[in-house]
Structures are given as structure tokens and as C-alpha cells.
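Colleague: quick one: sequence and predicted model below, then my questions.
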Amino acid sequence: MVNGSMAIQGDRVQGAVVGNIVWKNESIVIQKRHFTLCDIRWQLAAESLDKCFLLRYIDMVAKVGNDSNLYDGSKQSMEAHAMITKNSIQPDGSMRVISLQSGSNGNCIYVESGGTRLLFDAGISGNQAKERLAKHDIDIHTVDALLISHDHFDHAGNMGVYHRKFHLPVWVTEPTYNAVIRKKLLGRFEKLNHFTSGETFRIRNLTIETIRTPHDAADGVVFIVDDGRVRFGVMTDLGHIFHELGESVKSLDAVLLESNYDPEELKHCDYSDELKARIKGKSGHISNLEAARLIDSARQHRLQWACLGHISQESNHPDLVRETHDRVLGDSFPIHIASRYEVSEAFVI
Ligand SMILES: [Zn+2]
Ligand SMILES: [Zn+2]
């Protein structure tokens, strides 16, 4: 049993935990998780302290060294001086966004705020998601929830894998889940958290708003994550720009927005006429120009930056995306481009 308190000073943590500490498979497991924070400058939500912070605390300790003697259960207090990498925790309470991949070949977006960690969509393999998060020093097992936007495989295809392999609780609407399992074996789920499209719900300290989209899916939604300080939108596979979308973008501090195709490129690419019609139709995707105009309508409000995603391989190019957005927005508005193949840097709001 170890007793004590924990203090945070700058980028160092010093303190002790209350609980039984044991070693298991070369990692520390704290069986009874309680501890006291002396300094709550990080404003982590009380309910998330127990799990999230401690898990990250363990990460930090693990980085210092795997010396089991240091954490001997017989000691009455534990002192750990662990360097916290800038990536491991945002001490100023900001929201952090990472695109693990964005495009018709697979989507997965990471959002973290106030100690709560979320993944949006499971369109890349479990290993890819795990490895790309690890590049940012994030252990995928510490993610609190996986939220699924719609039933297309580039968003929902691996939700069963993430759930079983990493024990992630899954949030999905019932029609979306049913549409996926009609087409693909997803495997067993211990429990599913169903929300209704258009519903607002909470995951720990975060409010999640959902807006139903006119995309050609069973029950597609976009998400807004609100931590009480800033609002971030995960908005791809939109169909077209509908009224509620236009209004909600004006309420955001940052957005990951689809900028799917360039009309000229689409006209001349190898897609069938049917697919071309689907993409530019009312329930397909939005173009570079439509995305740029949407951002333009919101930037005099709160919008700090936009990350453009779901960029088509065949009917678009990152250079064309930037060119179109710069033309509409000027080159002073911060634009990021989410890759179809690589993890992004961490964007902060
Ligand atoms: Zn998609
Ligand atoms: Zn889709």
C-alpha cells in the first residue's frame, strides 16, 4: 500500500498514489486507484482523474525506468520525478486533435481534452491506429470511447477490432450498426452505447453534439466536441452543405472538414459516370470550393483553423485543395491538410 499526494510543478510531476501497486507483464498496475491532486491547474474533470490521468501517470513513470524496486509496495510513500513530454498532457487545458488518416481509404481522428480521449471512426486497421497514436506517445488502450459517424467501411469497418483488441467502448447509432452488420461480420461486442442521430450526450467531461447528414449512409452524423471552453467539429461525408451544418460551423473554434473533390478533376478522372454523379450529388461529398466557402462564412466568428480531409485520390490533389482555399480565404487563414496515408501533427485549439 502506498500513500501520498501528487503535486505538479511545471513540466514535472512529483508525488505518490494511494493504492496497491503491482507489476504485471512489465507494466505497473494500480489495483485501487485513488490519489489526490495538490495542484489542479490542469483542470482535469474529477471523474476522469481516476482513470485517464493515472494511466498517463503510469506512462510517465514507465518512461523514467522499469525499476520495480522503486515502486515497492512496502514503501509508505513514492516519489517520482517524471518528465512529462509535451505530447502526453496539455497542461494548459487545451483541446488536441490528431488525424490518424482521412480519406476513402480509411478515417480515424483523435480528439483529447481535459483528460478525456476520443477516437472518431475506425476505418484504418487496429495496428495502424495503435502505431500512429504511439508516434504521439498515446497508448490506444487509454482512449475512452470510439464514436462511429456512419456505416461506410472507411469509417466503421474495424469498429469490432478496436473494441475487442483495445477494449474501447463504442458509440454508434442503431441504424448505423445494423447497416454495417448486414454487409460485414463485425464480431462480438460486450456492450454498445447507442445514441440517436441529432442527439447530444456526454462522455466524461465532454459534450458530444451530433447532426444528421444527407450523405448516402443509413444514419450518418457529424460530431461537435465541446469541452466548455472550445468547440471542435469532425465533419466529413456531408452530402451537401445543408442549413444546420452552415449554422453549426459558425459556432466552432476549429473544424476537420471534408474537401473531397475538384469538379474539373472529377469530370476527367477514371470513375464511372454513376460514381461521378454520386460524388457530386446531394448525398455524396462536398468540393474544395464548397468547403472553402463554408469556412469563409464562419471565420469572422470563432474559427481559428481548419483541417481539410477526406481528399479524393482520383479527383483531387492536396495542391488543388490549398490553391482553392487560398483563393477564397487568402493565405492568412490557417489551413492544415489531413493525409490519406500518414498521421498528422497534433493541432491545438
Ligand atoms: Zn468516407
Ligand atoms: Zn461515407
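Modeller: Looks like it arrived, so ask away. Numbers count the residues shown, from 1 in each chain. Ligands and ions are numbered 1, 2, ... in the order given.
Colleague: hmm, stretch 212-221 in reach of ligand 2?
Modeller: No. Judged by C-beta under 5 Å from the ion, stretch 212-221 and ligand 2 are separated, with a smallest distance of 5.5 Å. No exception for glycine: its C-beta is placed from N, CA and C like everyone else's.
Colleague: is any part of that stretch close to ligand 1?
Modeller: No. Stretch 212-221 is not in contact with ligand 1 by C-beta under 5 Å from the ion; minimum separation 8.2 Å.
Colleague: pull up the distance across that stretch, start to finish.
Modeller: Start and end residues of stretch 212-221 are separated by 4 Å (C-alpha to C-alpha, to the nearest Å).
Colleague: again, but for stretch 254-263
Modeller: Termini of stretch 254-263 sit 26 Å apart (C-alpha to C-alpha).
Colleague: any idea how far it is from the chain center?
Modeller: Centroid displacement of stretch 254-263 relative to its chain, using C-alpha atoms, centre = their mean, to the nearest Å, is 17 Å.
Colleague: try stretch 186-199
Modeller: 17 Å.
Colleague: and it, what's buried?
Modeller: Neighbour counts over stretch 186-199 (16 or more other C-beta atoms under 10 Å) mark L186, F189, F195, S197 as buried.
Colleague: now narrow the residues you listed to whatever sits close to ligand 2.
Modeller: Okay, of those, nothing touches ligand 2 (C-beta under 5 Å from the ion).
Colleague: CA atoms of stretch 116-125 as PDB?
Modeller: Written as PDB, here are the backbone C-alpha positions of stretch 116-125 (Å, rounded to 0.1, in the frame of the first residue of the first chain):
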ATOM      1  CA  THR A 116     -10.700  12.500 -22.000                       C
ATOM      2  CA  ARG A 117      -9.500  10.800 -25.100                       C
ATOM      3  CA  LEU A 118     -11.800  10.000 -28.100                       C
ATOM      4  CA  LEU A 119     -11.400   8.400 -31.400                       C
ATOM      5  CA  PHE A 120     -13.800   9.200 -34.300                       C
ATOM      6  CA  ASP A 121     -14.300   6.300 -36.800                       C
ATOM      7  CA  ALA A 122     -12.400   3.100 -37.200                       C
ATOM      8  CA  GLY A 123     -11.600   3.000 -40.900                       C
ATOM      9  CA  ILE A 124      -7.900   2.000 -40.600                       C
ATOM     10  CA  SER A 125      -6.600  -1.200 -39.100                       C
END
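Colleague: does ligand 2 sit close to that stretch?
Modeller: No. Figure legend: stretch 116-125 not in contact with ligand 2 (C-beta under 5 Å from the ion); closest approach 9.5 Å.
Colleague: residues near the nearest residue to F242 once chain neighbours are set aside, how many?
Modeller: Distances taken as C-beta to C-beta, 6 or more residues apart in numbering put P214 closest to F242, at 5.8 Å, once the chain neighbours are dropped. P214: 16 surrounding residues under other C-beta atoms under 10 Å.
Colleague: and P214, what does it touch?
Modeller: Shown in contact with P214 (C-beta atoms under 8 Å, 6 or more residues apart in numbering): L238, G239, H240, F242, K282, S283.
Colleague: re the thing from before, from the buried residues of stretch 186-199, which ones fall inside helices?
Modeller: Counting by DSSP state H, these place none of their members in helices.
Colleague: export the residues you listed to a markdown table and tack on distance to A122 and pLDDT?
Modeller: Conversion of the buried residues of stretch 186-199 to a markdown table gives the following (distance: C-beta to C-beta, whole Å; pLDDT from 0 to 100):
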| residue | distance to A122 | pLDDT |
| --- | --- | --- |
| L186 | 10 | 88 |
| F189 | 12 | 91 |
| F195 | 16 | 97 |
| S197 | 18 | 96 |
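Colleague: what helix or strand is the nearest residue to T200 once chain neighbours are set aside on?
Modeller: Closest residue to T200 apart from its sequence neighbours, by C-beta to C-beta, 6+ apart: E209 at 4.7 Å. Using DSSP states H and E, E209 sits in strand 206-212.
Colleague: tell me the mean pLDDT over that strand?
Modeller: Mean pLDDT, computed over strand 206-212, is 97.
Colleague: cool, stretch 163-172 as well?
Modeller: Mean predicted confidence for stretch 163-172 is 96.
Colleague: start to end distance for that stretch?
Modeller: End-to-end distance (C-alpha to C-alpha), stretch 163-172: 12 Å.
Colleague: same question for stretch 154-167.
Modeller: 21 Å.
Colleague: ranges for the helices of the stretch 51-200 of the chain?
Modeller: 54-64, 126-134, 153-156, 159-166, 174-183 (DSSP state H, counting those that start in this stretch).
Colleague: what about the helices in the stretch 201-349 of the chain?
Modeller: 243-249, 263-268, 273-280, 288-298, 318-329.
Colleague: deepest of those helices, which one?
Modeller: helix 288-298 (a mean of 21; mean count of other C-beta atoms under 10 Å).
Colleague: now for that helix, which elements pack on it?
Modeller: Using 3 or more C-beta pairs under 8 Å, 6 or more residues apart in numbering; DSSP states H and E as the contact criterion, the elements in contact with helix 288-298 are helix 243-249, strand 254-258, helix 318-329.
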